[in-house]
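1. Let me see the structure of the following:
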Amino acid sequence: MSGEGAPRLALKTLGDLPADVARPGYDVGAAEVGVVHLGVGAFHRAHQAVYLDDVMARGAKGWAIAGASLRAADTYDALAPQDGLYTLAVRSGAGDALRVVGSLRHLLVAPRDPQALLSAMCDPKVRIVSLTVTEKGYCHDPASGTLDEAHPDIRADLADPHRPRSAPGFLVEALARRRAAGTRPFTVLCCDNLPANGTTVARVTARLAALRDPDLGRFVEGEVAFPSTMVDRIVPATTDADRALVAQRLGVADAWPVMAEPFSQWVVEDRFPAGRPPLEEVGAQVVADVAPYEHMKLRLLNGAHSTLAYLGYLAGHETIADTMADAAFARLVQRLQDEEITPTLAVPPGADLAGYKAALRERFRNPALRHRTWQIAMDGSQKLPQRLVATARDRLAAGAPIDLIALGIAGWMRYVAGWDEHGRAIDVRDPLASRLRTLADAAGLDAPRLAPALLSVREVFGTDLPADPRFATAVTEALGDVIRGGAAGAVGRVVTR
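-> So this is what the prediction gives:
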């Protein structure tokens with residue numbers, strides 16, 4: 001069913017699917033768009049789109065999604081012929097549970113037609129514009145959380161604001177048009193792993209608006225809501241084998257199904273002046289303050305994930321589950337979470353912290369998920385500041401050791417040097433990849449030279465940590481251990497101390 005010319009998943013074939021495949025519990029063709037989503041990738045389709053699919057199945061009308069790709073057209077090309085329908089395969093040791101999701105009603109490609117996306121964002125029925133554009137999509141400085149005013153896309157958006165390129169550029173132009181038309185502003189809902197993501201995106205967007213027009217900047221700052229969120233679900237990249245498996249189960253082809261673990265969490269700050277879907281009715285947590293949940297997730301899950309990704313890749317492990325099958329790595333994660341991360345957290349009232357950490361480690365071990373260490377290692381310069389560096393900063397402020405955090409950072413340093421432990425080139429995907437490689441090539445695989453070279457990258461480490469001898473010494477020693485004895489050896493040594 002996966003071959004050329006095979007029948008495709010679409011509205012006309014929805015009724016022919018096998019009985020064990022769940023499908024939308026509402027009239028998909030009649031659903032009205034209330035959300036425009038920027039960055040319609042696999043994570044959004046396995047997470048927010050599923051919650052909104054559930055919302056509409058419960059009778060809350062008008063919350064369908066117009067999804068826009070800001071760069072490539074691959075999602076549009078795959079799903080437009082399928083009427084926006086796609087399959088979610090939830091993977092566990094018990095097998096794959098398949099479900100067709102119908103909440104994605106329109107697909108747009110910003111570079112092909114930016115005016116079509118702006119028109120969708122200016123529709124008065126649209127009350128929320130949400131985003132999953134990854135950390136780098138906000139054109140900000142991860143170390144400070146401020147707009148990178150020298151970013152090429154930001155400079156282009158200031159030069160030609162009516163044809164934006166960046167996510168902040170689209171937000172500002174659409175808000176300006178709505179303001180001019182007397183239309184109430186939409187709520188901006190960031191669903192990316194940024195620290196205080198609502199506050200960060202508000203800062204970036206208001207600054208860009210102010211650079212265009214100070215009055216517009218004041219309007220964005222004073223009248224537009226940017227609630228914070230925390231999202232969590234492991235969503236590996238879809239493979240051709242996944243497509244073939246889904247096609248066999250459906251009896252029709254699906255060009256881009258998404259794979260996910262059973263666990264899903266969405267914590268949302270309750271601040272939606274223009275209205276919101278009843279997310280609390282479909283399993284989301286709607287709260288007054290997201291920060292404690294965000295810190296738990298960014299540090300315990302994402303910090304551990306990045307540590308496993310860099311050191312696991314260097315040790316020759318293809319996936320996170322493979323890495324966790326190594327007893328030394330499993331011990332590293334437990335000690336990192338218990339000894340160095342947990343003391344930095346303000347735990348939400350009633351939270352079962354021990355249970356949460358144990359559940360995370362079980363999720364990492366899920367053999368049904370082929371979550372590649374290389375995939376998680378992408379964009380490390382954008383991720384490390386909130387996943388590991390901020391935790392190190394808090395530990396040092398408390399006068400506490402950072403040996404395990406330093407090892408994770410050292411793993412990143414050894415990884416971005418661009419060569420694995422067998423002399424093979426690493427395909428480093430990072431916005432700063434060429435700069436990092438230049439620094440690493442000049443320093444060589446010599447920790448006393450390589451560590452300070454990479455610590456000079458202010459976007460990752462700021463200016464305070466490189467000047468702190470406690471931090472610089474811990475990272476340099478950990479990097480030396482990784483270089484001399486390999487990642488697996490370094491992990492084995494640190495967990496037996």
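
2. who does residue 69 bridge with?
-> residue 109 (DSSP bridges).

3. So for the helix ranked longest in the chain, what gets flagged as buried?
-> The residue-count maximum for a helix in the chain (DSSP state H) belongs to helix 469-495. Residues of helix 469-495 classed as buried by neighbour count (16 or more other C-beta atoms under 10 Å): 470-472, 474-483, 486-488, 490-492, 494-495. Placement of C-beta: from N, CA and C, glycine included.

4. what about stretch 128-136, start to end distance?
-> 21 Å (C-alpha to C-alpha, to the nearest Å).

5. actually stretch 345-353, sorry about that
-> 10 Å.

6. Hmm, residue 426 is touching residue 412, no?
-> No - with contact defined as C-beta atoms under 8 Å, residue 426 does not count as touching residue 412 (11.7 Å).

7. who's more crowded, the two?
-> residue 412 (27 against 17; other C-beta atoms under 10 Å).

8. Show me what the one helix or strand the more buried one maps to packs onto, helices and strands only.
-> Assigned by DSSP states H and E, residue 412 belongs to helix 403-416. Helices and strands touching helix 403-416, by 3 or more C-beta pairs under 8 Å, 6 or more residues apart in numbering; DSSP states H and E, are helix 304-314, helix 327-335, helix 380-384, helix 390-397, helix 433-443, helix 447-455, helix 469-495.

9. so what are the domain limits for this protein?
-> Domain assignment of the chain by the TED database yields the ranges 11-288, 291-496.

10. Would you format those as JSON lines with mean pLDDT included?
-> Converted to JSON lines, the domains of the chain look like this (pLDDT from 0 to 100):
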{"stretch": "domain 11-288", "mean pLDDT": "97"}
{"stretch": "domain 291-496", "mean pLDDT": "96"}
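
11. how far away is the residue lying closest to residue 341 once chain neighbours are set aside from residue 353?
-> Closest residue to residue 341 in three dimensions, ignoring its sequence neighbours and counting by C-beta to C-beta, 6 or more residues apart in numbering: residue 299, at 4.7 Å. Distance of residue 299 to residue 353, given as C-beta to C-beta, to the nearest Å: 12 Å.

12. between those two, who's got more neighbours?
-> residue 299 (24 against 15).

13. Would you check that that one makes contact with residue 392?
-> No - using C-beta under 8 Å, residue 299 makes no contact with residue 392, being 10.6 Å away.

14. Please state the offset of the helix holding residue 412 from the chain centre?
-> Its chain's C-alpha centre and that of helix 403-416 lie 21 Å apart, by C-alpha atoms, centre = their mean, to the nearest Å.

15. CA atoms of that helix as CSV?
-> Taking C-alpha atoms only, helix 403-416 is exported to CSV below (Å, rounded to 0.1, in the frame of the first residue of the first chain):
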residue,chain,number,x,y,z
ASP,A,403,30.5,17.1,38.1
LEU,A,404,27.6,15.3,36.3
ILE,A,405,26.3,18.4,34.5
ALA,A,406,29.8,19.2,33.4
LEU,A,407,30.1,15.7,31.8
GLY,A,408,27.0,16.4,29.8
ILE,A,409,28.4,19.7,28.6
ALA,A,410,31.7,18.0,27.8
GLY,A,411,29.9,15.5,25.7
TRP,A,412,28.4,18.4,23.7
MET,A,413,31.9,19.9,23.3
ARG,A,414,33.4,16.6,22.1
TYR,A,415,30.4,16.1,19.7
VAL,A,416,30.5,19.5,18.0
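
16. Now do the same contact list for residue 285.
-> 265-268, 293 (C-beta atoms under 8 Å, 6 or more residues apart in numbering).

17. so how far is residue 350 from it?
-> The separation that residue 285 has from residue 350, given C-beta to C-beta, amounts to 12 Å.

18. Now for those two: what residues contact both?
-> Counting by C-beta under 8 Å, 6+ apart, nothing touches both residue 285 and residue 350.

19. Touching both of residue 299 and residue 353, which residues are there?
-> Joint contacts of residue 299 and residue 353 (C-beta under 8 Å, 6+ apart) are residue 345.

20. Mind checking which of the contacts of residue 285 are in strands?
-> Counting by DSSP state E, the part of the contacts of residue 285 found in strands is 265-268.

21. With neighbour count and distance to residue 102 as added columns, please give the contacts of residue 285 in TSV.
-> TSV is the format used below for the contacts of residue 285 (neighbours: other C-beta atoms under 10 Å; distance: C-beta to C-beta, whole Å):
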residue	neighbour count	distance to residue 102
265	15	22
266	21	19
267	23	25
268	24	22
293	22	29
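
22. which one of those residues sits closest to residue 367?
-> residue 265 (21.5 Å; C-beta to C-beta).

23. which ones are touching the closest one?
-> Residue 265 is in contact with 230-233, 285, 297, counting by C-beta under 8 Å, 6+ apart.

24. so what's the nearest residue to residue 207 once chain neighbours are set aside up against?
-> Excluding the flanking residues, the one nearest residue 207 by C-beta to C-beta, 6+ apart is residue 147, at 4.3 Å. Residues in contact with residue 147, defined by C-beta under 8 Å, 6+ apart, are 139-141, 154, 168, 203-204, 207-208.
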